[in-house]
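Colleague: Okay, here's the prediction I keep looking at, along with the sequence it came from:
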Amino acid sequence: MKEMTVGAATHDWMGATFRIVTSRTDSGGAIGVVDSTAPVGFGPPRHIHTAEDEVLIVLTGEVEWVLGDASGRAGLGAALFIRRGTEHT
């Protein structure tokens, strides 16, 4: 079994903390898992992933989201699937 670098990297950006749980390298390019903690009002700029899909799972609190032309709020336990090529924040 390959030894993994679980939790090896933490990055702070715009007041939010992102912890790499499993990197693409660890999974042979199959998946990357990141745990993030963000302050109220945090949100990345609108962006598009061209090579990968994204799944956002709300573990605490609530998030406001934008996916293409749709928007809303999601609370505890909600999961959002963001298809590659979809502008989102």
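Modeller: Yep, it's here.
Colleague: now the strands for the protein?
Modeller: 10-13, 16-22, 33-37, 54-57, 62-67, 70-75, 79-82 (DSSP state E).
Colleague: hey, C-alpha coordinates of the third one in PDB?
Modeller: The one in question is strand 33-37. The C-alpha coordinates for strand 33-37 follow below in PDB (Å, rounded to 0.1, in the frame of the first residue of the first chain):
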ATOM      1  CA  VAL A  33     -10.100  16.000  -1.100                       C
ATOM      2  CA  VAL A  34      -9.800  19.300   0.700                       C
ATOM      3  CA  ASP A  35     -11.200  20.300   4.100                       C
ATOM      4  CA  SER A  36     -11.800  24.100   4.400                       C
ATOM      5  CA  THR A  37     -12.800  26.400   7.200                       C
END
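Colleague: If you count contacts, what does it end up packed against?
Modeller: Packing partners of strand 33-37 (3 or more Cβ pairs under 8 Å, 6 or more residues apart in numbering; DSSP states H and E): strand 16-22. Glycine gets a C-beta too; all of them are placed from N, C-alpha and C.
Colleague: The strand it packs on - which strands sit beside it in the sheet, and in what orientation?
Modeller: Next to strand 16-22 in the sheet, as set by DSSP bridges, lie strand 10-13 (antiparallel), strand 33-37 (antiparallel).
Colleague: Can you say which of the ones you listed is packed in most?
Modeller: With neighbours taken as mean count of other Cβ atoms under 10 Å, these reach their highest mean count in strand 33-37, at a mean of 13.
Colleague: So which residues make contact with it?
Modeller: 16-22 (Cβ atoms under 8 Å, 6 or more residues apart in numbering).
Colleague: which non-adjacent residue is nearest the residue nearest to the spatial centre of the chain?
Modeller: The geometric centre of the chain, computed from its C-alpha atoms, lies nearest to residue 56 (Cα atoms, centre = their mean), at 5.3 Å. Closest residue to residue 56 apart from its sequence neighbours, by Cβ to Cβ, 6 or more residues apart in numbering: residue 80 at 4.5 Å.
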